[in-house]
Structures are given as C-alpha cells and as structure tokens.
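Peer 1: sequence first, then the predicted structure:
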Amino acid sequence: MRVDGGRAGPRRVVLLTVALSLVATACVGPALRDDDYRRKAVASLEQVAATVAGVKIALDASIDDRSFPTATAVNVRRHEDTVAWAHTAFATRQPPPGTDRIRAAVVPVLAEASSIMADVRIAANRTDREELREQRRRLDELTGRLERVLGEVRG
Amino acid sequence: MKKLLSLTLGILTAVGAFIDIGDLVTDALVGARYGMNLAWVTVLAVIGIATYAEMAGRVAAVTGRPVFDLVRERLGARVALVDLAASFGLTGLLLVAELAGVALAIELATSVSYLAWIPLVAVLVFVLVWRVPFKGMERTYGVLGLAMLVFVWAAVALGPDWGALLRDAATPNVPTGEPVPTYFFYAIALLGAQMTPYEVFFFSSGAVEHGWTAENFLEMRMNVLIGFPLGGLLALAIQVVSAVVFHPVGAEAESVAMTALPVSVALGQVGLALAIVGIVAATIGATLETLMSTGYTIAQYFGWPWGKFEKREQASRFNLVLILVLLAAAGVGLTTLDPIRLTIFAVFLGAATLPFTYLPVLVVANDVRAMGEHRNGRLANGIGSFYLVLLTVVSLAAVPLLVVTTAG
C-alpha cells in the first residue's frame, strides 16, 4: 500500500505540473465542436481588433510627434507578433465539419491584418510620417472589416 | 533636518517597493480591460500590505528577527520548507520578470531588443548589490522612482470625467460580455501583484539590516502608512490613464510599451522620457528587492548569516545564493519566454501563497513573550484576521480559476 502510494505521488505531481504548464502557456487542444470553433474565431477576431486599436493610438502619438520613434517601433513590433500569432493559431486549427464558412470568413481577414501589421512595422521603422498616415488609414479600414466579420461569425 | 530627510527617503523607498513590473503591467491591463472596475482591489491591497508590513516591521524591530525566521519557527521545518519552495520559486519568477521589465523599458528608448539588455542589466544589478550600501541602494531607486509621478500628471492632463471614473470605481461590477471567472482572475492577479510576499520579506529583513529597534517605530510607521498608500495612488493613476486612453476604444494593454503609451498621448515626448526613467527605476528597485528576498528566505530558513550588514566572507552562502539566482534569472530571461505572460502568471500564483507568508506574522505579532507591550492591538488583529480569511479564500480559488480561464 505504501509502495503504491509512493509511486502514485510523484506521478500525480508530474501530471499536475504538465497540466499547469499547459494552462500557463495557454495551450489548448484542437476544437472539436461547432460552438468551440465559433468561440475561437470570435476570440481571435476580438484579440486582433483590440491589438489594432492599440496600434492606432501608438501611430497617432507618433504622427503628432508625441512619442519617440523607437517607442513606436517597439510597440508596433510587439503587436505584429500578437496578430501573427493569432492568425497562425486560428489558421492551423482543424475546423470541425460544417464550419468551413466560418473559416473562409475569418482566415483571410486575419491574414490581411498580419500583412498590414508588417507594413505598419516597416513604416514605423522608417519613421516616415506620410507612410505612417497611409498605414493609419489602412488600419481604420481593417477595423471596419474585422467588425463586419465579427458580426457575421457571431450570427 | 537630517531625520526629516531620512524619513522622506524611507517613504520614497516604500513607494518604490509597491510599484514593480507586476504592478505596472497588471494596472495597465485591468485599466484597459475593465476601466476603473477593479480599483477596489488596489484599495484592498494597500490596506492589507500596510497592515502586515507594519506588523512585520514591528516584529523585526522588537525581536530582531525577520519574517522567514518566524515562518520556520511557527510553522515547523517541513511546512516552512514547502512555503520556502513556493516563495523562492515565485520570487525567482518575479526576478526574471523584473530583469526583463528593466530591459523592456530600455528597449523603448533604444529600439534594441530587450534580450540584448538583460545581461547588461544583470551586471548592473550585481554591481549595485555588491558595491552599494543597503541604504544607498534603496534611496537611489527610491528617488529616481519619483519620475513615476508622471502617471499622476498624465491622468490630470488627460482631463477625464472624474465623476464617471469615481462612479465606475465605487460600483464595481462585471462588465457585460466579460466572463465572471476572468474578472476574478484579474482581481486576484492585481491583489497578488500588490501584496507580493517578497515585499514583506524585504521590508522585515530591511528593518533588521537598518538595525531598527522600538525607537524607530515612528520612522517605520511613516514609511508604511504614507509610502504604501502613495504607491497605491500611483497604481490607481496607471489604471486611470489606461482606462481613459484604451478602454473606450477596446484596445488591449499587455506590454510595458502600452503601459507608457497613455503618458505619450497626454504629455508628449517629455512625459514619455520621464515614464521610461520611472519604469527603469521602479523595476531596478524591484529587481534588487526580489533578488535580496530570495537570498533572505533561503538564508533565514537554513539559519545562515545573511544581509549586507554582515561581512561578505561571513555571509558567504547568502552572497553565493544571490549570485547563482541572478545568473539563473538572467539565463531564464534570455530564453525568449514571454516576460509579460510570465509576470501575470507569477503574480497570480503569488496570491495563492499569501496566507503562508502572513499567518506567522500575525501569530508572532500576538505573542506576549516575544512582543511584550508591543503586541498587536484590537485594530491590527481585526484587520489582520479579515485579510487572513480573505487571502485563504483567494488561495483556494486561485488554481481552479487559473484552469477555468486558461490563465486569463
């Protein structure tokens, strides 16, 4: 009895550690149901929309000369990573049968967001104010598209 | 005059102790996500940390013994070892986050990746710990940390609707569309960030390093009762600027760069420069405190000589722990592990260990033999007991919430 207990103890600790590590790194398994997939789509779109909203504020500060070019570049770089991660995480998720319409609506807009963010980063690194204004305008358009797709996916 | 200066510097140090990378990031994050809806947590945390820091400082001044010494005596060697492992692990995680926090703030001014700055920050911290006396170390970052007041200035300059913010803060509720568990996850993260155990370890060990006795009660109480509330005010200012700039447009604020951005919006480049100086000072101060706390807890548990007041050769094991922990933290920081997620994870789990830190303090502060006439009064016991119950509930809820919300 004591021997069994002695073996189960460390095993439990290992399992708990693995479980906590997965939680900590926000690792989740593939979505299996329609509802889960829809929820993931909404969460990804919301995350990208929130990130884009933050970048717009950073660009406004930069265009108005209220921020250091270095700080804007760092801010945009971080947000570009977030958007790229959201895009990859959703695009590589296996969609359950019957959810292709959701995928077809969400993946392109996330890919577009990722591409625009790369352009924003290039403009931020060049500290070209006109180019920043142009990217700022593109972000406004992107926000509109993100909101439209969010509305569609939420149903 | 000299005494007044000493008092002022002590208060600044307490302000610095309250604001660290965990606090900076969590304040900006909750301000952006919930507006002023979680301001009540900061008020709760300030009262709690001030109550227990006063107790710990009083116990250290009367008995000459810091918190972890008492943890081992009152909880027994085995339970204290679990507490040591948890506290040491979490303070170590926070040390990684603080080192990365300094590097991230420097990155804002230089655009050079924070990873390149981590080794240099580690060397700077080593030099500060090795060469600068305890008081000098505390006061340098305490005074530089004054630059953090730029967040208060920014809050005023943004000209928010103060009435609406106050109403938001006074009537906390879970905003529509926000999951209830996530709201409480961030409430606990904020509480953990503002009542971190290392603050108490550092404060009580610092009282011993300063050689405080019962004659220093006034100085100690002024530090606690003015310093921590001022720290809380700074935390609220960060929440306010984040709530005003980010919350209305639904922007996310989960980085040091985003924490500083509202100051740029409000005050321009001068404000941003002050914010960067303040963040660097606050995180360097917290790096020193977390590093020293890891050494304090280990040395106090094993009964080794410890502290900067001891000659280095006499406290060799304590100093060796500091060097090894600093090297390990810099190594982990260089692994590209996301420092912000790490910070949120560390402050949240830190909340789960709070009762183990605070229970022994409450017990010893009531011990007539140890404390004599300086033992706790009714008020300290009433507030202390309330917080112990609250922190126990928080501790029990922490892991289930972590799982349910997948870490927020």
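Peer 2: Arrived safely.
Peer 1: from here on, contacts and neighbour counts on C-alpha atoms
Peer 2: OK.
Peer 1: strands of chain B, start to end?
Peer 2: In chain B, no strands are defined using DSSP state E.
Peer 1: for chain A, what's its nearest residue on it.
Peer 2: Nearest residue of chain B to chain A: B:Gly268, at 3.9 Å (C-alpha to the nearest C-alpha).
Peer 1: tell me the SS of the residue nearest to that residue when sequence neighbours are not counted?
Peer 2: Residue nearest to B:Gly268 in three dimensions, not counting chain neighbours: A:Arg66, with 3.9 Å by C-alpha to C-alpha, 6 or more residues apart in numbering or on different chains. What DSSP: H, G, I helix; E, B strand; the rest coil gives for A:Arg66 is coil.
Peer 1: hmm, A:Arg66 is touching B:Pro262, no?
Peer 2: No. A:Arg66 is not in contact with B:Pro262 according to C-alpha atoms under 8 Å; the separation is 10.4 Å.
Peer 1: which one's more surrounded, these two?
Peer 2: B:Pro262 (29 against 22; other C-alpha atoms under 10 Å in any protein chain shown).
Peer 1: tell me the pLDDT at A:Ala53?
Peer 2: pLDDT for A:Ala53: 97.
Peer 1: what residues are up against B:Leu362?
Peer 2: The neighbours of B:Leu362, taking C-alpha atoms under 8 Å, 6 or more residues apart in numbering or on different chains as the test, are B:52, B:55, B:381, B:384.
Peer 1: sorry, wrong one. I was asking about B:Ile323.
Peer 2: B:Ile323 sits next to B:Phe126 when contact means C-alpha under 8 Å, 6+ apart.
Peer 1: what about A:Ala61, distance to B:Trp306?
Peer 2: In this view, A:Ala61 and B:Trp306 are 48 Å apart by C-alpha to C-alpha, to the nearest Å.
Peer 1: how many other residues sit next to the nearest residue to B:Arg74 once chain neighbours are set aside?
Peer 2: Once flanking residues are discounted, B:Arg74 sits nearest to B:Pro360: 6.2 Å by C-alpha to C-alpha, 6+ apart. Neighbours of B:Pro360 under the rule other C-alpha under 10 Å: 21.
Peer 1: how about the contacts made by B:Pro360?
Peer 2: B:67, B:70-71, B:74-75.
Peer 1: filter these down to the buried ones, PyMOL style.
Peer 2: PyMOL command restricting those to the buried ones, with burial defined by 16 or more other C-alpha atoms under 10 Å in any protein chain shown:
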select buried, chain B and resi 67+70+71+74
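Peer 1: want to throw the contacts of B:Pro360 into a markdown table with pLDDT?
Peer 2: As requested, the contacts of B:Pro360 are exported to a markdown table (pLDDT from 0 to 100):
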| residue | pLDDT |
| --- | --- |
| B:Val67 | 77 |
| B:Leu70 | 78 |
| B:Val71 | 77 |
| B:Arg74 | 78 |
| B:Leu75 | 76 |
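Peer 1: contacts for stretch B:85-94?
Peer 2: Taking C-alpha under 8 Å, 6+ apart as the rule, stretch B:85-94 contacts B:22, B:197-198, B:290-291, B:293-294, B:297-298, B:325, B:329, B:342-343, B:346-347, B:349-350, B:353.
Peer 1: shaky segments in the chain?
Peer 2: Unless you meant another one, I'm taking chain A. Low-confidence segments of chain A (pLDDT under 70): A:1-32.
Peer 1: um, chain B though
Peer 2: Applying pLDDT under 70 to chain B picks out residues B:1-14, B:16-17, B:407-408.
Peer 1: need the contacts of B:Leu362 in TSV (columns: neighbour count).
Peer 2: Shown next, in TSV, are these (neighbours: other C-alpha atoms under 10 Å in any protein chain shown):
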residue	neighbour count
B:Tyr52	24
B:Met55	27
B:Asn381	18
B:Gly384	23
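Peer 1: count the neighbours of residue 115 for me.
Peer 2: No chain in the question, so chain A it is. 14.
Peer 1: the intended chain is chain B.
Peer 2: B:Leu115: 17 neighbours (other C-alpha under 10 Å).
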